[in-house]
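A structural model of the following input is requested.
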Amino acid sequence: MSPDFIVRGAQVVTPEGVRRLDIGITDGVIVELGEELTGGAEVDATGLHVFPGVVDAHVHLNEPGRTEWEGFETGTRALAAGGATTFLDMPLNSSPPLLTRGRFDEKRALGEAKSRLDFGLWGGLTPLNLGELDELADAGVIGFKAFMSNSGLDEFPAVDDVTLYEGMRTAARLGLVVGTHAESDDFTRRLTQTARAEGKRGVRDYLASRPVVTELEAVQRALLFAQETGAALHLVHLSSGAAVAMAAEWKARGVDVTVETCPHYLHFTDEDVERVGAALKCAPPLRPRSVQDDLWQHVLAGNVDTVGSDHSPAPPDLKTSDDFFALWGGISGAQSTLNVLLDGGHHRRGLPLELVAALSALNPARRFRLPGKGRLQIGADADLALVKLDEAFTLTDLHDRWQQNPYRGETFRGRVHATYLRGRRVYGQGVFDDSVRGRLVKPSSQ
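Okay, the predicted model is just below:
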């Protein structure tokens, strides 16, 4: 039977390589890949590269409770404009955070009503809800997120060692991933207290309060607990090559660990924080150029598994203060993951396009067992990002709520021209189809 819809003449990026192919789609699923396909409606993609839609495993859309920071409507516009088709929403900064089955059901309903893209939901792992993990797993969370340092929100406290260890034991039994924000709470808290007691308030003072060693200490502890419990560990937003190297060493010993970094660690440095200010405050903080160069080397070597935006916006009043410590930490970047990987990775450093697709789509879909996602193959969802690979542009048209976005004005090579969710064009050359709605995705069985 001929497909209903054909994307014709594009360079298609698959794990096996890049080939000029037609993509045949029926009922939102890829049913044919080949040359000169025949069927129904067509879109001419000659001169474009087709990547699997980005699977962003780390976003904070904050709904319900802090929708004024960012919500499903605006957040998924930005994601779609950046080539994303699936996102995994963190349990904070929603308020209350997603710590129980009831909160899962509430957020799911809002996502199904408002999200333009398919979505999964992280559950929290905190001292407040250790007994709720089984019900969260039954509801369909894709994993459990824990902070090893202060999250900035009293309603989502950091895990102590016992909570993290016991949570990992439970997650291992349930077959779900534990994602950790790996910074040492004691280390960062003491350094921050000392700096503030001395009256330090500037950008460099904040950066100095969270050195790389605070990341390394927490990463090592998380790896040890994963080894002892048999849990699947996902180290989120690692900022240094040294931390990635440590994870690679433990993976070689048999620990089930994957590594995420973020576009901002690959694109900006500590000098940019001084130049830009509050829009580039995050934790772990941005690092010196030498640390960034080392991180890129690990990306090129295949030691980094996923790149997630960690899109975490806040209203302007929380990003305005003479005291850099007092500013809300979080970077708006939902729209720029592919931009950074294509420009800084492929064009500037020779990152193969197959690895771009793996970092942004295939690997997160595999890690979180998302059926039909992350790969351009027969039987997969027709989630497509159509990219003009050699087109240089300056990013000015942003779609997140507050647009306190450090990527504004940055020049990239490699522009997203259209995004298709299950065969429907949700975004194309600045125009959105507001009728498209996403659906919840859950981990497949082992």
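
now the helix ranked longest in the chain - C-alpha only, PDB.
The residue-count maximum for a helix in the chain (DSSP state H) belongs to helix 212-229. Only the C-alpha atoms of helix 212-229 are listed here, as PDB (Å, rounded to 0.1, in the frame of the first residue of the first chain):
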ATOM      1  CA  VAL A 212      34.600  21.600  39.200                       C
ATOM      2  CA  VAL A 213      35.700  19.600  42.200                       C
ATOM      3  CA  THR A 214      32.200  20.000  43.700                       C
ATOM      4  CA  GLU A 215      30.800  18.300  40.600                       C
ATOM      5  CA  LEU A 216      33.400  15.500  40.700                       C
ATOM      6  CA  GLU A 217      32.800  14.700  44.400                       C
ATOM      7  CA  ALA A 218      29.000  14.200  43.800                       C
ATOM      8  CA  VAL A 219      29.500  12.300  40.500                       C
ATOM      9  CA  GLN A 220      31.800   9.800  42.300                       C
ATOM     10  CA  ARG A 221      29.300   9.300  45.100                       C
ATOM     11  CA  ALA A 222      26.400   8.800  42.700                       C
ATOM     12  CA  LEU A 223      28.400   6.300  40.700                       C
ATOM     13  CA  LEU A 224      29.300   4.400  43.800                       C
ATOM     14  CA  PHE A 225      25.600   4.100  44.800                       C
ATOM     15  CA  ALA A 226      24.700   3.000  41.300                       C
ATOM     16  CA  GLN A 227      27.300   0.300  41.400                       C
ATOM     17  CA  GLU A 228      26.100  -0.900  44.800                       C
ATOM     18  CA  THR A 229      22.400  -0.900  44.000                       C
END
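
what packs against it?
helix 161-174, strand 177-181, helix 185-197, strand 232-235, helix 241-252 (3 or more C-beta pairs under 8 Å, 6 or more residues apart in numbering; DSSP states H and E). Where C-beta positions appear, they are placed from N, C-alpha and C, glycine not excepted.

need the contact partners of it.
Contacts to helix 212-229, defined as C-beta atoms under 8 Å, 6 or more residues apart in numbering, come from residues 148-149, 161, 164-165, 168-169, 171-172, 178, 180, 182-184, 187-188, 191, 231-233, 235, 238-240, 242-243, 246-247, 250, 253-257, 284, 287, 291.

need the contact list for the most centrally placed residue in the chain.
Nearest residue to the geometric centre of the chain (C-alpha atoms, centre = their mean): Gly308, 2.3 Å. Taking C-beta under 8 Å, 6+ apart, we find Gly308 in contact with Asp56, Ala57, His58, Val59, Val236, His237, Glu260, Cys262, Thr337, Pro364.

which ones among the residues you listed are found in helices?
Among these, the members found in helices (DSSP H) are Thr337, Pro364.

ok, and the most crowded of the contacts of Gly308?
Ala57 (33 neighbours; other C-beta atoms under 10 Å).

low-confidence ranges, the stretch 301-446 of the chain, go.
446 (pLDDT under 70).

and the helices in it?
Along the stretch 301-446 of the chain, the segments classed as helices by DSSP state H, counting those that start in this stretch run 337-340, 348-349, 353-357, 363-367.

and the ones you listed: which comes nearest Ser94?
Nearest to Ser94 among the helices of the stretch 301-446 of the chain is helix 363-367 (20.7 Å), distances taken as C-beta to C-beta.
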